[in-house]
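Engineer: got a structure for you, letters missing:
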């Protein structure tokens, strides 16, 4: 049949717009199948109306998605604005950092001062510096640590078995820094300079009843420095825990807050070591529980400085290494199986 032969007639006498859709029987047979002849315009509905509806559905879904996305983004902006305003009020009225915490490990919304931001940035830079045995500054720092640890002993070569007495695992200390980097050495030096009595008592294992297999002092310090940096999220600009938020607040008045926390953590670790009667293979477990305790103290109410933390009282500044008596050092070396040459002027190392 030729489609050009189909003509429509006006539906109403006075109207040229409305057309009758009734067609001769010869042209109303279905295009698919051999079903009965259709009546009026109903034979066209399955081909016309679905196409029209599909177009409207596509357009509707497009606008629905656009509106939904707009609402979602607007809600997020409103929530962030309210949260930042609340944090600002908390800072203005001197609220504790504890209410800013999150139990879901999400980024904390906390406003840091330019000084705090700058000090955090500097700490991140320090934590990214590896120890380089060929850098003169790093060599000098290692020598400085020896002088602070053993002020009356001769400085050994940078590769010597004597370094093992300090708690390095190898005759070359540079192989033990690994992830701790140069900052872990700086932490040990800071500890020796600012809390010499505590430093030497830990170095010589002077407190309590010690285990047969003790943790190595220097390597323990490297591990404490690295793990503490991870706990306080120094590598990231995001404050993702209560401890990291509270630590950032401490930097306003204490540029060396991290180094002081390192000293506290070391002292806490030794205290837990003795309380547990731990041995060498339990070091990682003791270190983990130590940092949990440190986080609890750091995030407690009323902690505005490292000096306010309960465990800070364990640190002792009073005596320097030069005041540790010869009798104590001699007893220590005898207990550890070292030979002690005797002289009238004291030990000969």
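Structural biologist: Arrived safely. Remember, it's a predicted structure, so these values are computed and weren't measured experimentally. Residues are numbered from 1 along each chain as shown.
Engineer: burial measure for residue 212, as a count.
Structural biologist: 6 (other CB atoms under 10 Å). The C-beta positions use only the backbone N, C-alpha and C, and glycine is treated the same way.
Engineer: Look up how far residue 151 lies from it.
Structural biologist: Distance, residue 212 to residue 151, using CB to CB, to the nearest Å: 29 Å.
Engineer: go on, residue 307?
Structural biologist: 27 Å.
Engineer: tell me which residues of stretch 277-293 are tucked away?
Structural biologist: 278, 283, 286, 287, 290, 291, 293 (16 or more other CB atoms under 10 Å).
Engineer: of these, closest to residue 155?
Structural biologist: If you rank these by distance to residue 155 using CB to CB, residue 283 comes first, at 28.5 Å.
Engineer: Who are the contact partners of that closest one?
Structural biologist: Neighbouring residues of residue 283 by CB atoms under 8 Å, 6 or more residues apart in numbering: 215, 220, 223.
Engineer: thought the second one was touching residue 169?
Structural biologist: What it means is residue 220. No. In this structure, residue 220 is not within contact of residue 169 by CB atoms under 8 Å, at 10.8 Å.
Engineer: which of the two has more neighbours?
Structural biologist: residue 220 (21 against 13).
Engineer: Go ahead and name everything in contact with the helix or strand where that one lies.
Structural biologist: Assigned by DSSP states H and E, residue 220 belongs to helix 217-231. With CB under 8 Å, 6+ apart as the contact definition, helix 217-231 has outside contacts at 127, 163, 166-169, 173, 176-181, 183-185, 187-188, 191, 202-203, 205, 235, 241, 243-244, 258, 261-262, 265-266, 269, 283, 287, 290-291, 294-295.
Engineer: what's downstream of it, the next helix or strand?
Structural biologist: helix 242-250.
Engineer: which other helices and strands contact that following helix?
Structural biologist: Counting contacts by 3 or more CB pairs under 8 Å, 6 or more residues apart in numbering; DSSP states H and E, helix 242-250 packs against helix 114-127, helix 257-276, helix 283-298.
Engineer: Of the ones you listed, which is nearest residue 196?
Structural biologist: helix 257-276 (11.0 Å).
Engineer: helices or strands next to the closest one in the packing?
Structural biologist: Judged by 3+ CB pairs under 8 Å, 6+ apart, helix 257-276 is in contact with helix 181-194, helix 196-203, helix 217-231, helix 242-250, helix 283-298.
Engineer: let's see 7 Å
Structural biologist: helix 181-194, helix 196-203, helix 217-231, helix 283-298 (3 or more CB pairs under 7 Å, 6 or more residues apart in numbering; DSSP states H and E).
Engineer: Would you indicate which residues of it are buried?
Structural biologist: Those would be 257-274, for helix 257-276 by 16+ other CB under 10 Å.
Engineer: In TSV, list the contacts of residue 283 along with pLDDT.
Structural biologist: Shown next, in TSV, are these (pLDDT from 0 to 100):
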residue	pLDDT
215	94
220	97
223	97
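Engineer: of all the residues you listed, which comes closest to residue 145?
Structural biologist: Using CB to CB, the contacts of residue 283 come closest to residue 145 at residue 220, 14.0 Å.
Engineer: so how far is residue 253 from that closest one?
Structural biologist: 29 Å.
Engineer: do the same with residue 310
Structural biologist: In this view, residue 310 and residue 253 are 19 Å apart by CB to CB.
Engineer: Likewise for residue 145?
Structural biologist: 28 Å.
Engineer: and residue 63, how many neighbours does it have?
Structural biologist: With other CB under 10 Å as criterion, residue 63 counts 10.
Engineer: That one: what's it in contact with?
Structural biologist: When the contact criterion is CB atoms under 7 Å, 6 or more residues apart in numbering, residue 63 has no partners at all.
Engineer: Now it: which helix or strand?
Structural biologist: helix 45-92.
Engineer: List the buried residues of stretch 247-254.
Structural biologist: 247, 248, 249, 250, 251, 254.
Engineer: go on, stretch 178-193?
Structural biologist: Within stretch 178-193, the residues scored as buried using 16+ other CB under 10 Å are 180-192.
Engineer: now what about it, what contacts it?
Structural biologist: Residues contacting stretch 178-193 (CB under 7 Å, 6+ apart): 126-127, 129-131, 138, 141-142, 144-145, 148-149, 177, 199, 218, 221-223, 225-226, 256, 259, 262-263, 266.
Engineer: what number of residues lie near residue 228?
Structural biologist: 24.
Engineer: Could you measure from it over to residue 143?
Structural biologist: Counting by CB to CB, the gap from residue 228 to residue 143 is 25 Å.
Engineer: My read is that residue 171 contacts residue 161, right?
Structural biologist: Yes. Here residue 171 reaches residue 161: they are 4.8 Å apart, a contact under CB atoms under 7 Å.
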